[in-house]
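[1] Sequence and predicted model, in that order:
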Amino acid sequence: MNELSRGETAVATDNGVVEDSAPDSKKRRRDEAEIIAEQEAMVKQLAELSSEYENHPMYTFATQNIFCVKQKYAEEFRLYMDKYMRDCRNEYGCLFYDMYRQEPLSVDSNESSFVRFMNVTKWIDKDCYDNHLDSPHVKQVMEYSLTNGHLIGFPVVMLLKKENGIHPESPVHRRILTDTLGLSQIMGDRILIGQPQGKGKSYTMCRYRTVKPNCSHHVVMQVLSIVASKALECEQNCISYDIFTSLSADTKNSIIEIASWNSRSDYLEHLQTPYVRQIDCLQSVFECTHGKDVETFWEDMND
């Protein structure tokens, strides 16, 4: 029951419903259905505003960098990269720059002699990234990669475009969410559609798949974007869910999903949700790679 203003009283009607006795009380009171309708309208408005930026060259450029480090140098490499990333985060146009370590492989694996690290970076646009490549600390890390023998080969770099909206770390996204819609107040500080929810250790899934040439890449992307949106809306412990395509012509049919949860158990719960189980049939549209998806899991290495 709504709190009454001074001087108002409450009376019980014949059907037992308590009402304010003030004449204008019905105008002031909004029932639950009206509040829900307003929330739904605001979420719809958010989706429409976000869609305006989906094809915008800004706030969609990202990179994925994979380093294969010899086992005995893994900790030294982590410490070196930690300082390097701090420098990168201070650059103009850098929205996100984090590092992850792949979960330990089985002892009988041929790859047990080295450790994979992954950098995920997000930028305002590609120009900012190009300027980043000319910075002194990038030249230093390239020299480090080539000369000290700690790495197995040169890092693998993939240039990406975010497909499910714009980077949630961007000021544009935050403005849409907070200034325009005020969703943080409506949803009790549970921000929708990819808004960062506070820094902390996470469990990250990276899935790389290629759509078959005779299947619609656009339709597959739409379906996966819906799943990502549902995960962010419905799963309290889903931290982020980005869907990327490669900017390289030879991998243009590839779809890269990078999503984080608070823990492995949260990810396993995600797999049991209705919206994930409903797309099991989607597996047939992807090229087979050794009979399964190229799916890897990563530990958060960020402070």
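    Thanks, I have it.

[2] His150: what's it in contact with?
    Going by Cβ atoms under 8 Å, 6 or more residues apart in numbering, His150 touches Val69, Lys70, Tyr73, Glu76, Phe77, Tyr144. (Glycine included, C-beta is placed from N, CA and C.)

[3] SS state for Val138?
    Here Val138 is recorded as helix under DSSP: H, G, I helix; E, B strand; the rest coil.

[4] ok, it - contacts?
    Cys88, His132.

[5] and if we set it to 7 Å?
    His132 (Cβ atoms under 7 Å, 6 or more residues apart in numbering).

[6] residues in contact with the helix or strand that contains Glu257?
    Element membership for Glu257, per DSSP states H and E: strand 254-261. For strand 254-261, the surrounding residues in contact (Cβ under 7 Å, 6+ apart) are 64, 120, 160, 202-211, 220-221, 224, 237-246, 267, 270.

[7] got it, and stretch 221-239?
    When contacts are defined by Cβ under 7 Å, 6+ apart, stretch 221-239 is touched by residues 163-164, 192-194, 197, 202, 241, 243, 255, 257, 260-262, 266, 270, 275-276, 279, 282.

[8] Could you tell me the average pLDDT over it, please?
    Average pLDDT, stretch 221-239: 94.

[9] Please apply the same query to stretch 101-114.
    67.

[10] and if you look at stretch 245-256?
    Rounded mean pLDDT across stretch 245-256 is 88.

[11] next structured bit after the strand holding Glu257?
    Note on strand 254-261: by DSSP H and E, the next helix or strand toward the C-terminus is helix 264-271.

[12] Quick check: next helix or strand after that following helix?
    By DSSP H and E, the next helix or strand past helix 264-271 is helix 274-277.

[13] ok, back up a step: what two of the contacts of His150 are the furthest from one another?
    Within the contacts of His150, Lys70 and Tyr144 form the most distant pair, 13.4 Å apart (Cβ to Cβ).

[14] And the helix or strand hosting Lys83, what does it pack against?
    Secondary structure assignment for Lys83, by DSSP H and E: helix 74-89. If contacts are counted by 3 or more Cβ pairs under 7 Å, 6 or more residues apart in numbering; DSSP states H and E, helix 74-89 sits against strand 94-102, helix 136-147.

[15] Among these, single out whichever gets nearest to Cys288.
    strand 94-102 (22.2 Å).

[16] Adjacent strands (with direction) for the following helix or strand past that closest one?
    With elements assigned by DSSP H and E, the helix or strand that comes after strand 94-102 is strand 114-123. Paired strands of strand 114-123, with direction, are strand 61-70 (antiparallel), strand 94-102 (antiparallel) (DSSP bridges).

[17] Return the set of buried residues in strand 114-123.
    Phe114, Val115, Arg116, Phe117, Met118, Asn119, Val120, Thr121, Lys122, Trp123 (16 or more other Cβ atoms under 10 Å).

[18] From Lys83, how far off is the first one?
    Read that as Phe114. 22 Å (Cβ to Cβ, to the nearest Å).

[19] what do you get for the fifth one?
    Computed as Cβ to Cβ, the Met118 to Lys83 distance reads 18 Å.

[20] thinking again about what came up before, I'd like the strands paired with strand 114-123 written out as a markdown table, with mean neighbour count added.
    Formatted as a markdown table, the strands paired with strand 114-123 follow (neighbours: other Cβ atoms under 10 Å):
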| stretch | mean neighbour count |
| --- | --- |
| strand 61-70 | 20 |
| strand 94-102 | 20 |
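
[21] Save the ones you listed as a markdown table, and put in distance to Cys88 too.
    A markdown table is the format used below for the strands paired with strand 114-123 (distance: least, Cβ to Cβ, whole Å):
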| stretch | distance to Cys88 |
| --- | --- |
| strand 61-70 | 11 |
| strand 94-102 | 5 |
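
[22] Among these, which comes closest to Asp250?
    Using Cβ to Cβ, the strands paired with strand 114-123 put strand 61-70 closest to Asp250, at 15.8 Å.

[23] Strand 254-261 and that closest one, what's the angle between them?
    In terms of direction (axes from the mean of the first three to the mean of the last three Cα atoms, to 10 degrees), strand 61-70 departs from strand 254-261 by 80 degrees.

[24] which one of the strands paired with strand 114-123 lies closest to Pro155?
    Using Cβ to Cβ, the strands paired with strand 114-123 put strand 61-70 closest to Pro155, at 4.9 Å.
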